[in-house]
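>>> predicted model, plus sequence, below.
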Amino acid sequence: MAGITFGKRIYRLDTVPSTQDFLKEQFLQGEAEGAIAVALEQTLGKGRRGRAWDSPAGKGLWMSMLIIPGGPESLWTWVPLWAGIVAKKAIGELLSKRQIQKEIMLKWPNDLMMDELKLGGIIAEQVTDTKNHQAVVLGLGINLLQRREEFPPHIRGRVTSLLDATDQEFSPDALLEKLILEAEEVLPLLKPVDSTKIKEEWLHSAWGLEEPLRIFSGDKAYEGTFSGLGPYGEICLRRADGEENYYSSAEGIQRITTS
């Protein structure tokens, strides 16, 4: 813990392809843990599995932070779930100050949900420098100031922003300040990675927990009741016969509804 302060070095960028790529390059050039890159706009914002993330100028918090978790690298898979906890707490602080009763849910593996719509997303990428030092570049994209009609048509029915959901404006800098404070507060959960506590905290806000879900992986679909998380943060689905299966990745997840 000693010596790290998130945001001690903040790169404030105008338009960049990706804060992820920018901060990875800074790490390769010797940048220290705790550095943050924030962009007004990303032209090639990154989502999971190579997907693009819509990051229009001034409409959200588009950022990345540099983290070096402790403990075995096999447990670094918990970092994006840790980030979900941080983001939920930070957004919750902003809402509670204005007495707004809205709940943030965490959808496995790394979506922030509000009113059953995607408010933001998280991406974690591991990077290694020439001296074999390793770190995680953690990206967060959180929609703040878009109205529904401003989102691209192909995602308009699945996403939201704080403005669209609350009819109030929140600045990227206000959320960044809260995120830095919350990240510092819960950093001990990564020093070393405490999978038990991260799991417990994350499941308190888990979207779809103990509900029947269908997940899509490759060309296959799997069904079961979302019963928890595995030792490395995998989603656990319990079948009707009681057998539990773990999945480490998925292209999509949906509730199974009965008519």
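Structure's in. What do you need?

>>> what ranges does the stretch 1-150 of the chain have for its strands?
Listed in chain order, the strands of the stretch 1-150 of the chain (DSSP state E, counting those that start in this stretch) span residues 10-16, 36-42, 60-67, 105-107, 111-114, 117-128, 134-143.

>>> okay if I get the ones you listed as TSV plus mean neighbour count, mean pLDDT and distance to Lys220?
No exception for glycine: its C-beta is placed from N, CA and C like everyone else's. TSV is the format used below for the strands of the stretch 1-150 of the chain (neighbours: other CB atoms under 10 Å; pLDDT from 0 to 100; distance: least, CB to CB, whole Å):
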stretch	mean neighbour count	mean pLDDT	distance to Lys220
strand 10-16	14	96	37
strand 36-42	22	95	32
strand 60-67	26	97	32
strand 105-107	20	99	20
strand 111-114	22	98	21
strand 117-128	20	97	23
strand 134-143	24	97	28
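
>>> out of those strands, flag the one nearest Asp241.
strand 105-107 (26.1 Å; CB to CB).

>>> centre of the chain versus the closest one, how much separation?
Here strand 105-107 is found 9 Å from its chain centre; the criterion is CA atoms, centre = their mean, to the nearest Å.

>>> list of residues touching it?
Contacts with strand 105-107, where a contact means CB atoms under 8 Å, 6 or more residues apart in numbering, come from 81, 84-85, 88, 112-114, 118, 202, 205-208, 253.

>>> please tell me which one of these counts the most neighbours.
Neighbour counts for the contacts of strand 105-107 (other CB atoms under 10 Å) peak at Gly84, which has 28 neighbours.

>>> mind listing what it touches?
Gly84 neighbours (CB under 8 Å, 6+ apart): Leu106, Asn110, Leu112, Ile122, Trp202, Ser205.

>>> recalculate using a threshold of 7 Å.
Residues near Gly84 by CB atoms under 7 Å, 6 or more residues apart in numbering: Leu106, Asn110, Leu112, Ile122, Trp202.

>>> over to Arg9?
Arg9 touches Ala35, counting by CB under 7 Å, 6+ apart.

>>> for Ile36, see how far away it is.
7 Å (CB to CB, to the nearest Å).

>>> wait, which of the contacts of Gly84 is closest to Ser227?
For those, the nearest to Ser227 is Trp202 (14.0 Å; CB to CB).

>>> just to be sure, that closest one is in a helix?
Yes. Trp202 sits within a helix when classified using DSSP: H, G, I helix; E, B strand; the rest coil.

>>> which one is it nearest to, not counting chain neighbours?
Closest residue to Trp202 apart from its sequence neighbours, by CB to CB, 6 or more residues apart in numbering: Leu81 at 4.8 Å.

>>> for Ile235, same thing?
Counting by CB to CB, 6+ apart, the residue nearest Ile235 is Trp108, at 4.8 Å.
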